[in-house]
Every structure is written in structure tokens, then in C-alpha cells.
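In: let me see the structure of the following:
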Amino acid sequence: MLNESDIRARLLEAVERDRIPGAVIAVTDRRQTVWEEAFGFADRDTGRPQRTDDIFFIASSTKALAATTIFLMAEAGKLPLDTHLKQLLSHSAGIFGNDTKDPIERDLLRNASRSLADAAAGIAARPLIYPPGEGAAYSDAGMMLAGRAAEVAGGREFDLLMREVLLDPCKMGDTFYRNAGDAAARLAVSHQRVAGKLQRAVLQHRLKQDGLIRVGSGLFSTAGDLAKFLRLHLSEGERFAEMRRDQTSGHWHKDPMGGSNAGYGLGWQLGGGAFFHAGAFGSLIWADPDLGLGVVLLTQMPIMQVYAFWRELVREIQPRG
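Out: A predicted model of the protein is given here:
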């Protein structure tokens, strides 16, 4: 059973000890959000308190939403969910990984002045790093190819497709790749620990209106919206079962955030009976279909500085005999 008081105490302690600047937690069952609360500060320098409707850059937690968008398009008959597309969504297509040192490949991932169509064309022209299906490498480039395939099939840009098939139906109005700036006042400020001290980060995540859509790593969202997304997967578990099946033939075990897991599905990491994904700047979305519970944990700081703590909290929610 969910023990809110213990988890609340741990989050309050983490803020008091400068382990995190602030955080928002949301817990949902299959029908509704059962707990949502904010802790600490969205901006420590100004004293702006963290609010439950604050907007966070969720980085690679985006992958689960992007893959779900493509899955829903395939379900509607708009593109085939074939072996190649599944491999792109599960980092097993042979596409170069995020750890590439090649300057051309790094530019394809990071040059915000490109369109997704342009970036995808460049990615497709690069040599494979292993035969498709015979390895696994964590690859935002592969997700970008999958997103471009969806654009071609759907006849519009990927952010508009996601809005149409996923975000609007789930009433996720605070989730976006692009924003004209009206959400800026609700954006959580990025922090990091340097020499053991928490401080404002040099890198701050700016809202944008145009440029490259980073399909698997570019979303901003709120805890409330992400709880709705988890609820979709929890309430219609059989519908999305394929997304929670390991697609990597045993090649994926290393969690890019540290530790290990049981494989990678379509946009989801798998482990301990749960499906989940973390993002590089402090987000974790996690759900256990057997318990019928989903958890969103958001802060705005490097995930490697908070991931172990997030997993400790998840273990408190997911007791195993």
C-alpha cells in the first residue's frame, strides 16, 4: 500500500539537505491521480516555490510518449509497425548511438537549425554500427528516424501528430515540443551539484517555437500530464502489451542511467515487472501493471545526481515479497 507520509518525509528531507532543489510527485492508479504534491523550490535563487503545475524539460522520458504516438498511428492503420520500426523504437536497428564521437553524427543530433526531415536524411546515410536486431545502442538518432517515418505517413510534423493522436485525446495540454513562450513563468530552473553544493546550472532549458524536433528527447511536460499518460498505459494494458515486450533479443540490459534492467520495449525500459523511463535532466516515469500504480517524479537537475534516490522511492512504492 502506498505510504505517502514516509515518501513525503524523504522528499522534504532531500530538499532540506540540498539533495534536490525541489520536486513534484504524482501517483496514479488506473482511474485517477491519487496523490500529487510539490516540494522545495522551482528557483532557489529567487525563492520561487515548486508548484504541482510547473513545467519540466523531461528529455529522454519523451521516448515513451513518442513511441506511443507511433504505436497509435500504426493501430489506426496510418503506418506499418514492422520489424524495422520496432527496432528503431527499441534501440536495436544498428543506428549510431548517443555516445558517438563522429562530428557529423553529433551535428545531426544537436544542430537545432535543421528540420527533422533534414536530420533524418543525414542519419539514414550514416553506416550501421551493427546488423539490425543483432545488438543494441541507446540511439536518439533511431528515434528521429522513427519520428520522420511517422511524419511522412501522417503528412504533418511530428509535434502536430503527437498532439492529434495522444496529447489532445488524453487532455495533456501542458506537454509540448514547441511553445510560443506563454509557459515560461512555469518553467522549473535547472540546478546541479558542484563540489557537493547545489547551485543554479549554467545550462538552462529554453522554450522554442521552431527548429529540430528531437523526437525522443525534446518534450516539456508536467507531473499531472505525465500521470495521465501513465494512466492510459495502465488502464488499457492489453492494448499496449507489445510496447512492454522486450524487443532486443537479450541485447539490452544496461540502464543508460546506471544499473541494469530486463530489456527494452517500444519506448520503454523494462525491469522488475514494471515499465519506465528516465530523462537526463531529472525526470522518471514508472508504472507497475500488476500493482496498477504509476509514479511521476520530477526535478530539474542531472539525472545521475538524483536517479538513485528516485529508484529508492520507487522501491518503497513497489514492495516485492
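
In: and the strands in the protein?
Out: Under the criterion DSSP state E, strands of the chain are mapped to 22-28, 33-43, 48-49, 56-57, 191-194, 197-200, 220-221, 263-264, 269-271, 274-278, 283-288, 293-298.

In: would CSV of the ones you listed with mean pLDDT, distance to L161 and mean neighbour count be doable?
Out: C-betas here are computed from N, CA, C, even on glycine. Below are the strands of the chain laid out as CSV (pLDDT from 0 to 100; distance: least, C-beta to C-beta, whole Å; neighbours: other C-beta atoms under 10 Å):
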stretch, mean pLDDT, distance to L161, mean neighbour count
strand 22-28, 98, 25, 25
strand 33-43, 98, 26, 19
strand 48-49, 98, 34, 14
strand 56-57, 98, 21, 26
strand 191-194, 96, 33, 18
strand 197-200, 95, 35, 13
strand 220-221, 98, 17, 25
strand 263-264, 94, 23, 24
strand 269-271, 94, 24, 20
strand 274-278, 96, 20, 25
strand 283-288, 97, 20, 25
strand 293-298, 98, 23, 27
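
In: and G181, how close does it get to M162?
Out: The spacing between G181 and M162, counted by C-beta to C-beta, to the nearest Å, is 20 Å.

In: what about the two, which has more around it?
Out: Between G181 and M162, counted using other C-beta atoms under 10 Å, the more crowded position is M162 (29 against 11).

In: surely that one meets A67?
Out: No - counting by C-beta atoms under 8 Å, M162 sits too far from A67 to count as a contact (10.8 Å).

In: in the stretch 201-321 of the chain, which spans are helices?
Out: Ranges of helices within the stretch 201-321 of the chain are 223-235, 307-317, based on DSSP state H, counting those that start in this stretch.

In: contacts only, for E134.
Out: The contact partners of E134, taken as C-beta atoms under 8 Å, 6 or more residues apart in numbering, are 94, 251.

In: so G258 makes contact with P302?
Out: No - in this structure, G258 is not within contact of P302 by C-beta under 8 Å, at 12.0 Å.

In: need the nearest residue in space to D246, chain neighbours excluded.
Out: Spatially, and ignoring its direct neighbours in sequence, D246 is nearest to G263 (3.0 Å; C-beta to C-beta, 6 or more residues apart in numbering).

In: my guess is that neighbour contacts K254, does it?
Out: No - using C-beta under 8 Å, G263 is not in contact with K254, being 10.9 Å away.

In: for the chain, give me the ranges with low pLDDT.
Out: Counting by pLDDT under 70, the chain shows low-confidence ranges at 1, 319-321.

In: nearest residue to the middle of it?
Out: Nearest residue to the geometric centre of the chain (C-alpha atoms, centre = their mean): S61, 0.5 Å.

In: how much space separates that residue from R214?
Out: In this view, S61 and R214 are 12 Å apart by C-beta to C-beta.

In: chain neighbours aside, what residue packs nearest to G282?
Out: The shortest distance from G282 to any non-neighbouring residue, by C-beta to C-beta, 6+ apart, is to T299 (4.1 Å).

In: my guess is that neighbour contacts I20. True?
Out: Yes - if you go by C-beta under 8 Å, T299 and I20 touch, sitting 4.9 Å apart.

In: what is the burial count for the residue lying closest to A14 once chain neighbours are set aside?
Out: Leaving aside its chain neighbours, A14 sits nearest to I20 (4.9 Å; criterion: C-beta to C-beta, 6+ apart). By other C-beta under 10 Å, the residues close to I20 number 25.

In: list the contacts for I20?
Out: Applying C-beta under 8 Å, 6+ apart to I20 gives the contacts 11, 14, 40, 191, 198, 299, 301, 306, 309.

In: tell me how far the fourth one lies from P302.
Out: Pointing back at H191 there. Separation of H191 from P302 (C-beta to C-beta): 9 Å.

In: can I get stretch 235-247 in PDB, CA atoms only?
Out: These are the backbone C-alpha positions of stretch 235-247, laid out as PDB (Å, rounded to 0.1, in the frame of the first residue of the first chain):
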ATOM      1  CA  SER A 235      -6.000   1.300 -17.900                       C
ATOM      2  CA  GLU A 236      -5.500  -0.300 -21.300                       C
ATOM      3  CA  GLY A 237      -2.700  -2.700 -20.500                       C
ATOM      4  CA  GLU A 238      -3.500  -5.400 -23.100                       C
ATOM      5  CA  ARG A 239      -3.800  -2.800 -25.800                       C
ATOM      6  CA  PHE A 240      -0.200  -1.700 -25.200                       C
ATOM      7  CA  ALA A 241       1.200  -5.100 -24.300                       C
ATOM      8  CA  GLU A 242       3.500  -5.100 -27.400                       C
ATOM      9  CA  MET A 243       5.100  -1.900 -26.100                       C
ATOM     10  CA  ARG A 244       6.100  -3.700 -22.900                       C
ATOM     11  CA  ARG A 245       7.600  -6.700 -24.600                       C
ATOM     12  CA  ASP A 246      11.400  -6.800 -24.900                       C
ATOM     13  CA  GLN A 247      12.300  -6.100 -28.500                       C
END
